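Enquirer: Structure here, sequence nowhere to be found:
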């Protein structure tokens with residue numbers, strides 16, 4: 001990255017510290033009103049139409065009693081109404097709380113009770129039978145309202161969203177992200193990845209995840225490029241989507257890139273001919289996938305590193321070497337250091353915990369003062385990720401300090417699954433570990449010490465009923481006992497290899 005680029009970023013940061021997200025979207029929503037900005041299904045929308053729809057939705061929410069600081073939960077798949085609601089909340093000062101649509105009653109109940117929203121919006125019934133406003137009905141009602149802007153004062157320090165991320169104890173915590181967090185993140189990506197209004201972004205990631213919300217949605221609205229939003233990534237239809245839209249940008253997770261390797265070489269080259277940038281995140285990309293993709297698509301995937309609590313921290317360069325296995329260099333304005341257990345920085349090539357500091361970092365967990373205090377040290381956020389830096393300043397991640405499993409881009413904490421399994425009949429003890437998987441990167445496997453009434457089939461059915469699909473163990477291994485240290489800590493690395 002050049003010094004000129006860095007200077008431009010900091011100039012923009014200083015200018016925007018007193019602004020909110022809507023100021024950064026104005027170049028699209030106001031200055032490009034007649035330009036087509038969004039494709040979804042067979043429909044297209046100009047930036048002016050997107051702005052008007054969200055103004056109408058903001059008026060509807062205000063009419064139903066929403067005020068600045070209230071929370072709105074949404075349990076929605078990708079749709080235009082998701083965008084309407086996010087923008088409406090930004091315009092009202094309402095805090096947006098997206099919920100993973102794969103979550104079941106247990107998980108939804110925790111988030112709903114913790115966030116205490118004024119309303120929950122969904123497409124259909126929500127697990128747990130929570131009262132919800134149906135999104136299509138809201139849209140029909142909003143169409144009859146004025147599309148003039150709603151005047152509500154918010155600043156860069158106002159909370160824009162609470163996004164829930166699992167904790168090592170299994171209790172999901174809400175990361176409070178401000179307008180400034182999102183603004184800084186968007187400016188960094190637009191500048192460092194050189195995203196411009198003539199780009200075409202194909203977005204197949206779920207909008208309830210910060211990967212799509214903070215990266216995809218925001219760089220689209222900040223840059224004024226054209227975006228095709230897919231309801232989901234379907235590898236059977238991927239070639240048609242790429243060839244009909246001819247994107248220049250694609251943001252994905254390792255599972256998507258593994259699926260894209262199934263395309264015939266001639267199709268892959270044709271897709272690659274219009275792309276200028278493939279980005280991968282949310283989970284480590286296997287080195288062999290990077291190499292195979294480069295050979296097949298004639299592109300080196302750009303790997304980067306972010307978290308729900310911090311958005312983007314580190315990225316391989318757009319111009320310059322993209323080192324396989326690394327996540328690259330710290331983004332402008334972001335400080336990164338590797339810290340040993342004793343709290344001191346480590347040397348080049350030495351592994352320690354990754355600490356980050358910058359205007360991208362959230363300011364705390366919702367209603368979790370102790371957890372917030374424990375998450376920071378000397379102004380740095382303790383990521384819980386292990387890694388090291390090489391002599392060129394490139395960072396490589398080595399896994400979680402905790403037992404995090406990343407499956408298809410989704411974070412899974414074994415403790416949450418273990419606590420659920422221990423509530424079930426026939427389970428005396430249990431340990432859940434992540435095991436390498438060719439497509440999903442990792443999958444959870446449960447090692448169960450049984451009682452006499454263990455029924456594996458029934459246990460799996462209970463998991464399917466109460467857990468998100470990606471959290472269901474790929475296999476249940478019955479063992480006589482769990483290996484433990486003298487202090488009683490389970491030694492998961494000594495468990496036998498799974499059979500599946």
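Expert: Alright, I've got the coordinates. Computed from a predicted model, the values in this text were never measured in an experiment.
Enquirer: Run through the strands of the stretch 401-500 of the chain in chain order.
Expert: Under the criterion DSSP state E, counting those that start in this stretch, the stretch 401-500 of the chain carries strands at the ranges 405-407, 410-412, 427-437, 441-450, 475-478.
Enquirer: Compare these and say which comes out lowest on pLDDT.
Expert: Taking the average pLDDT of each of those, the minimum falls on strand 410-412, with a mean of 86.
Enquirer: so who does residue 206 touch?
Expert: With contacts defined as CB atoms under 8 Å, 6 or more residues apart in numbering, the neighbours of residue 206 are 77-78, 100-101, 212, 232. Yep, even glycine has a C-beta here, placed from its N, CA and C like the rest.
Enquirer: just curious, which of those is nearest to residue 477?
Expert: The shortest gap between residue 477 and any of these belongs to residue 100, at 27.0 Å (CB to CB).
Enquirer: isn't that closest one right next to residue 208, touching?
Expert: Yes. With contacts counted by CB atoms under 8 Å, residue 100 reaches residue 208, the gap being 5.4 Å.
Enquirer: what stretches of the stretch 1-150 of the chain score poorly on pLDDT?
Expert: Under the criterion of pLDDT under 70, the regions of the stretch 1-150 of the chain flagged as low confidence span 1-18.
Enquirer: Strands along that one, start to end?
Expert: Under DSSP E, counting those that start in this stretch, the stretch 1-150 of the chain gives strands at 36-40, 43-46, 71-75, 95-98, 119-122, 133-134.
Enquirer: Give me the neighbour count for the residue nearest to residue 52 when sequence neighbours are not counted.
Expert: With sequence-adjacent residues excluded and distances taken as CB to CB, 6 or more residues apart in numbering, residue 52 is closest to residue 147, at 3.7 Å. Residue 147 has 17 neighbours, counted by other CB atoms under 10 Å.
Enquirer: can you list the domain ranges for this protein.
Expert: Using automatic domain parsing, the domain ranges for the chain come out as 3-389, 405-494.
Enquirer: so can I have a markdown table of those showing distance to residue 399?
Expert: Formatted as a markdown table, the entries for those read as follows, by distance: least, CB to CB, whole Å:
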| stretch | distance to residue 399 |
| --- | --- |
| domain 3-389 | 6 |
| domain 405-494 | 9 |
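Enquirer: what's the most buried one of those domains?
Expert: Compared across the domains of the chain, domain 3-389 shows the largest average neighbour count, a mean of 19 (mean count of other CB atoms under 10 Å).
Enquirer: Give me the distance between that domain and the centre of its chain.
Expert: Domain 3-389 has its average C-alpha position 6 Å from the chain's average C-alpha position, going by CA atoms, centre = their mean, to the nearest Å.
Enquirer: And stretch 463-476, by the same measure?
Expert: Averaged C-alpha coordinates place stretch 463-476 at 20 Å from its chain's average position (CA atoms, centre = their mean).
Enquirer: end-to-end on that stretch?
Expert: Start-to-end span of stretch 463-476 (CA to CA, to the nearest Å) is 11 Å.
Enquirer: Please apply the same query to stretch 86-104.
Expert: Stretch 86-104 stretches 23 Å from its first residue to its last (CA to CA).
Enquirer: need the contact list for the residue lying closest to residue 116 once chain neighbours are set aside.
Expert: Of all residues not flanking residue 116 in the chain, residue 71 sits nearest, at 6.6 Å (CB to CB, 6+ apart). Residue 71 makes contacts with 94-95, 97, 115-118, 162, as judged by CB under 8 Å, 6+ apart.
Enquirer: now the contacts of residue 206 in JSON lines, with distance to residue 382?
Expert: Converted to JSON lines, those look like this (distance: CB to CB, whole Å):
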{"residue": "77", "distance to residue 382": "34"}
{"residue": "78", "distance to residue 382": "33"}
{"residue": "100", "distance to residue 382": "24"}
{"residue": "101", "distance to residue 382": "30"}
{"residue": "212", "distance to residue 382": "26"}
{"residue": "232", "distance to residue 382": "34"}
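Enquirer: Quick check: of those, which lies closest to residue 394?
Expert: Using CB to CB, residue 212 is the member of those that lies nearest residue 394, at 26.0 Å.
Enquirer: quick one on the thing from earlier: my read is that the residue nearest to residue 52 contacts residue 58, right?
Expert: No. Counting by CB under 8 Å, residue 147 stays clear of residue 58, with 9.7 Å between them.
Enquirer: what sits up against stretch 447-466?
Expert: So stretch 447-466 is contacted by 104-106, 417, 420-421, 424-433, 471-473, 476-482, 495 (CB under 8 Å, 6+ apart).
Enquirer: Now find how far off-centre that stretch is within its chain.
Expert: Taking the mean of its C-alpha atoms, stretch 447-466 sits 30 Å from the chain's own mean (CA atoms, centre = their mean).
Enquirer: Next, the distance between the ends of that stretch.
Expert: With CA to CA as the measure, the first residue of stretch 447-466 is 19 Å from its last.
Enquirer: One more: stretch 37-50?
Expert: Per CA to CA, stretch 37-50 runs 8 Å from first to last residue.
Enquirer: could the strands of the stretch 401-500 of the chain go into JSON lines alongside distance to residue 303?
Expert: As requested, these are exported to JSON lines (distance: least, CB to CB, whole Å):
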{"stretch": "strand 405-407", "distance to residue 303": "14"}
{"stretch": "strand 410-412", "distance to residue 303": "17"}
{"stretch": "strand 427-437", "distance to residue 303": "18"}
{"stretch": "strand 441-450", "distance to residue 303": "13"}
{"stretch": "strand 475-478", "distance to residue 303": "29"}
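Enquirer: which one of these lies closest to residue 221?
Expert: Residue 221 sits nearest to strand 410-412 of all those, at 25.0 Å, using CB to CB.
Enquirer: hey, which helix is longest across the protein?
Expert: In the chain, with assignment by DSSP state H, the single longest helix is helix 47-63.
Enquirer: what residues does it touch?
Expert: Outside helix 47-63, the residues that touch it by CB under 8 Å, 6+ apart are 28-30, 32-35, 37-38, 45, 72, 80-81, 83-85, 87-89, 91-92, 94, 138-139, 141-143, 145-150, 224.
Enquirer: now the angle between strand 71-75 and that helix, please.
Expert: Going by axes from the mean of the first three to the mean of the last three CA atoms, to 10 degrees, helix 47-63 is angled at 120 degrees with respect to strand 71-75.
Enquirer: ranges for the helices of the stretch 1-150 of the chain?
Expert: In order along the chain, the stretch 1-150 of the chain carries the following helices (DSSP state H, counting those that start in this stretch): 3-16, 21-29, 47-63, 80-92, 105-115, 135-142.
Enquirer: Which other helices and strands does the shortest one contact?
Expert: Spelled out, that is helix 135-142. Judged by 3 or more CB pairs under 8 Å, 6 or more residues apart in numbering; DSSP states H and E, the packing partners of helix 135-142 are helix 47-63, helix 80-92, strand 119-122.
Enquirer: Just after it, pick out the following helix or strand.
Expert: Beyond helix 135-142 in the direction of the C-terminus, DSSP states H and E gives the next helix or strand as strand 159-165.
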